[in-house]
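**Student:** I need the structure of the sequence given here:
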Amino acid sequence: MLLRDIWTVFWRDWVVLRRRLKKFIFSRMVAPMLYMIAFGWGLGRSIQVTDGSYLDFLVPGILALNSMNISFNSVTPVHSERIYHKSLEEYIIAPVVPEAFVIGKVLAAVLRGMISSAIILLLAAGFGAQLHLTPLFLLVVAVNCIIFSEIGFFAAMTISTYEEMGQVNTYVLLPMSFLCGTFFSVHALPELLRYFIQLLPLTHTSYLLRGLAMSQPVALESFGVLLLYAAVFFIMARWAYLRLTK
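**Tutor:** Take a look at the predicted model:
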C-alpha cells in the first residue's frame, strides 16, 4: 500500500518532468557553466589550493549548492497547488497514505537534483576537473537532495504567500550558498561565524563531497549529521502535511 502510493505520487511528477526533460537539462547547464568559467577558469587560475586545481576544489561545492537549490525549488510548486490552484485537496481526499505523499514528492525532487548533478559532473569532466567518484560520493549528493526537498516541502505546507516563499531563498538558501564551503574553505571565516556555519547541513555536504572527490580522508560523522537532518526534516514535513489533512 505504502509503496504503491509512493509510486503513484512519484509517477505523476515524473510524467511532468519527462515532458519537459530537454528544457530542464538545458536550463540546468547554464549556471554551472558560468560558475566554472568565471571561478574555475577565470578567478581559479590565480588561486592555489593544497591538492589539485581550484576547479577540482570548486566542482564539489557547485554540486552541493546546485543539489540544494534544485531539490528545494522542485518541491515548492506544491505551495502554489495549496494556496492558489487549490489542487492539493485532490491528494488530501484521495486514498493516499500521508507519508507516501511526502516521500513521493521528495523522491521526485531528488530525481531532479540527481539529474542536474549528473549534468554538472559531465560539464566538469569537459572543463578538465579530476574528481574521484565513489558510491558514497553519490549517496551524499542524494541525501543532500533529500534534506532540502524536505525543507522545501515543509515551507510549502506552512507558508501562506508566494512572497514569503521567496524570503526562504533569501534568508536561508542564499547565505548557505556562499558561506557553507562551496567556494572557499570555512576555515577562512571568523571563529564564531565558523562555529555556526559548521552546524548547517550544506557545510557537511560540501566537506564530504570535496574530501571524497579529492581522495582525502573525511570524518563519517558528517554523514551521520546529514542523516539526522534528513530524519528531522522528514518528521517536520510529515507533520506539516498531516496538519492540513485534519
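**Student:** hey, which helix or strand in the protein has the poorest pLDDT?
**Tutor:** helix 88-93 (a mean of 74; mean pLDDT, DSSP states H and E).
**Student:** helix or strand right after it?
**Tutor:** Next helix or strand after helix 88-93 toward the C-terminus (DSSP states H and E): helix 98-127.
**Student:** tell me which residue lies nearest the centroid of this structure.
**Tutor:** In the chain, the centroid-proximal residue (Cα atoms, centre = their mean) is Met68; its distance is 2.3 Å.
**Student:** by contact count, what packs against the helix or strand harbouring that residue?
**Tutor:** Secondary structure from DSSP H and E places Met68 in helix 54-75. Packed against helix 54-75 by the contact rule (3 or more Cβ pairs under 8 Å, 6 or more residues apart in numbering; DSSP states H and E) you find helix 21-35, helix 98-127, helix 135-158, helix 174-179, helix 201-213. For glycine as for every other residue, the C-beta is placed from the backbone atoms N, C-alpha and C.
**Student:** any chance of JSON lines for those, columns distance to Phe57 and mean pLDDT?
**Tutor:** Output for the helices and strands packed on helix 54-75, formatted as JSON lines (distance: least, Cβ to Cβ, whole Å; pLDDT from 0 to 100):
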{"stretch": "helix 21-35", "distance to Phe57": "12", "mean pLDDT": "81"}
{"stretch": "helix 98-127", "distance to Phe57": "12", "mean pLDDT": "91"}
{"stretch": "helix 135-158", "distance to Phe57": "15", "mean pLDDT": "94"}
{"stretch": "helix 174-179", "distance to Phe57": "15", "mean pLDDT": "89"}
{"stretch": "helix 201-213", "distance to Phe57": "7", "mean pLDDT": "94"}
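**Student:** dump the ones you listed into CSV; add distance to Ile83 and mean neighbour count as well.
**Tutor:** Output for the helices and strands packed on helix 54-75, formatted as CSV (distance: least, Cβ to Cβ, whole Å; neighbours: other Cβ atoms under 10 Å):
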stretch, distance to Ile83, mean neighbour count
helix 21-35, 24, 14
helix 98-127, 16, 21
helix 135-158, 9, 23
helix 174-179, 23, 16
helix 201-213, 27, 25
